[in-house]
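Q: Starting from these lines, generate the structure:
(2 chains)
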Amino acid sequence: MNNSQIAEIFEKIAEILEIQQENPFRIRAYRRAAETVKNLSEDISEFARKDGLLKLPGIGADLASKIKEFLETGKVSAYEKLKKKVDSSLLDMLNIPGVGPKTAKLLREKFKIKSLADLEAKAKAHKIRGLPGIKEKTEENILKGLAFLKKDTGRMCLDVAFTTAEYIISSLKSLSQVIKISPAGSLRRMKETIRDIDILVTSKKGGDVMKAFVKLPNVADIAAQGPTKSSILTKEGVQVDLRVVAPESYGAALMYFTGSKAHNIKMREMAVKRGLKINEYGVFRGKRSIAGKNEEDIYSLFKMSYIEPELRENTGEIEAALRGGLPDLVKLKDIKGDIHVHTKASDGSLSISEIARLAKAKKYEYIVISNHSKSLKIAGGLSDKKLLRQIEEIRRFNKGSKGIRLLAGTEVDIRGDGSMDYSDKLLRKLDFVIAAIHSGFRQSKEKLTARIVKAMQNRYVNVIAHPCGRLIGERDAYELDYEKIFTAARKTGTAIEINAYPKRLDLTDVNCRRARELGVKFAIATDTHTKDQMDNMIYGISVARRGWIDKKDILNCRKLKEVEKFVEKKRA
DNA sequence: GCCGTTTTCGGCCCGACTGTTTTCAGTCG
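A: Now for the predicted structure:
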């Protein structure tokens, strides 16, 4: 995908310019452009084709021409030139926490550091101390930073961050000094992966809260500790930042600490234009605070609707909020059923009645039992006979049960040529059909796209499950022509799944937004195999919210009757 | 490098913590 490549080049250029101590605003311009390009919901070549590059925020004449150059030649000559001017060890050193451009340059110039290993050796031999501004402590911190890099915790999946944050929040909540406590940062925005965890507390005794925070049993190291801001590393290598503010600043601090940075900058710029100032303590006219106790007040001060955290990426949400055009986002309580659940019959661990019990506890109206199909032998795919037996079993169960309706379904394999792993005659007997690719990931983009489009043209296929096939941190998405797929989905009346399994989150938030623009319907589903996985629905919801999807376009926010109508309409 | 209902030039969000100083630069978010 061009977008990520161009974003990376701009990001690298920014780093090099930083080393060269260029104009910081010029550096920021590259970073901002990188952000913009990364967050686009369409390939940037589409914008270039339609002469739309200059309309993108932060892209002017110069960056537009660099983008065009990349699209035509696969390179940006200015970047190629810059690369030659800067030693790669310098750029490597920037990755060390605590080491910025000034320190990196100093180290390179005084010690001719050739690599991170070289730096580590010199630091260990205490040869770094003695440089202007560097003493024992800085040397120690460089070694700590290097060790952190080696661990390379990278980014964690949303569920891991959630669990860690929950533990810390529940531990601190019991302190009498803590008034309010909330997750913030990318976790509150529910990004698909999280680098570090941000937590906000209101208290009148910040120092006490911090003391308790850094003493939590899972703390391995304290990176910083002040009365309002502290940072620790857990034993699992997760960085957690805690910020304490007074109760009257809760909203302003929550907004500031939730981000995104780009969203905050845009809001602050807006404030400046109106003669106001936003910081983490409030909105100020001169020295007087005029808002800040809660987020709602701040947004309404600017005559805009409240912006949910998941939308705060500066990708048009501020403009939409000003004109009152934000989508009606889905909440957990809107979900009326789960349409992708496995049982013991294939590779799940739950029985039909266990699933029904869990679904009732969630106040669901319906559940689609969707086991794998016959060719997926490794996952215990059901033979024709076994599927027929399961249909019978589900019908019997429904007769003897109240409060939940089970639908007989399948997660049928889309074969290499786009045909279905069960005959139409068999599919017709089911209440609901989801189809998915589980093999042949290495086919060409054209072939994979054609396979999915063909599957959608089957009148019995209601949902395409985990369309892009990725496993975060393990397997990349295969290449697809999403424009073709979304267009076909709308035309054929096939919904696209938002798979809520934290390693999948597939369709992705960015692609959701494009699909929504093209009129696609969605289904949020957990792909449950074990008991706990039915709780993953919140992660799927977060993707839908980040993708700007309107509640009315989500199939399983509808009542059973309407879901049945959706199926009937395609079969007719 | 971008951008404009004050501007096509001169602005560009704002503050905390650390380690080193002895008033602040560097780094981070």
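
Q: can we go C-alpha only for contacts and neighbour counts from here?
A: OK.

Q: Show me which residues of the stretch 151-300 of chain A sit near DNA strand B.
A: Selection of the stretch 151-300 of chain A residues close to DNA strand B by C-alpha under 7 Å from any atom of the strand yields A:185, A:223-230, A:257, A:261, A:264-265, A:268-269, A:272-273, A:277-280.

Q: I only care about the residues you listed that end up buried; give me the ChimeraX line for that.
A: With 16 or more other C-alpha atoms under 10 Å as the criterion, this ChimeraX line picks the buried residues out of those:
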select /A:185,225,228,229,230,257,264,268,277,278,280
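
Q: how about the helices in the stretch 301-450 of chain A?
A: All helices of the stretch 301-450 of chain A, identified by DSSP state H, counting those that start in this stretch, fall at A:317-322, A:352-361, A:384-399, A:424-427, A:445-457.

Q: Check the stretch 151-300 of chain A too.
A: A:158-173, A:185-188, A:206-214, A:250-258, A:261-273, A:295-301.

Q: Let me see the contact set for the residue in the stretch 401-550 of chain A positioned nearest to DNA strand B.
A: Distances between the stretch 401-550 of chain A and DNA strand B by C-alpha to the nearest atom of the strand are smallest at residue A:546, namely 19.7 Å. Residues near residue A:546 by C-alpha atoms under 8 Å, 6 or more residues apart in numbering: A:190, A:310, A:311, A:509, A:510.

Q: check contacts around the nearest residue to the fourth one once chain neighbours are set aside.
A: Taking C-alpha to C-alpha, 6 or more residues apart in numbering as the measure, residue A:509 lies nearest to residue A:547, with 4.4 Å between them; neighbours along the chain are not counted. Taking C-alpha under 8 Å, 6+ apart, we find residue A:547 in contact with A:508, A:509, A:510, A:511, A:512, A:513.

Q: mind running it again at 7 Å?
A: Shown in contact with residue A:547 (C-alpha atoms under 7 Å, 6 or more residues apart in numbering): A:509, A:510, A:512, A:513.

Q: And for chain A, the residue most distant from the center?
A: Residue farthest from the centre of chain A, counting by C-alpha atoms, centre = their mean, is residue A:130 at 43.7 Å.

Q: Go through the contacts of residue A:547 and name the one nearest residue A:536.
A: Proximity of the contacts of residue A:547 to residue A:536 (C-alpha to C-alpha) peaks at residue A:509, which lies at 16.1 Å.

Q: Run through chain A and note the low-pLDDT ranges.
A: Low-confidence segments of chain A (pLDDT under 70): A:152-153.

Q: Show me how it divides into domains.
A: Listed by automatic domain parsing, the domain ranges of chain A are A:2-149, A:156-245, A:259-322, A:332-571.

Q: So what would you say the end-to-end distance of the third one is?
A: I take that to be domain A:259-322. One end of domain A:259-322 to the other measures 18 Å (C-alpha to C-alpha, to the nearest Å).

Q: Tell me, how many residues neighbour residue A:266?
A: The number of residues packed near residue A:266 is 15, by other C-alpha atoms under 10 Å.

Q: Dump the domains of chain A to a markdown table, plus distance to residue A:252.
A: Converted to a markdown table, the domains of chain A look like this (distance: least, C-alpha to C-alpha, whole Å):
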| stretch | distance to residue A:252 |
| --- | --- |
| domain A:2-149 | 23 |
| domain A:156-245 | 10 |
| domain A:259-322 | 5 |
| domain A:332-571 | 22 |
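
Q: Leaving out sequence neighbours, find the closest residue to the residue in the stretch 101-250 of chain A that DNA strand B sits nearest to.
A: Residue of the stretch 101-250 of chain A nearest DNA strand B, by C-alpha to the nearest atom of the strand: residue A:135 (3.0 Å). Ranked by C-alpha to C-alpha, 6+ apart and with sequence neighbours excluded, the top spatial neighbour of residue A:135 is residue A:129, at 4.5 Å.
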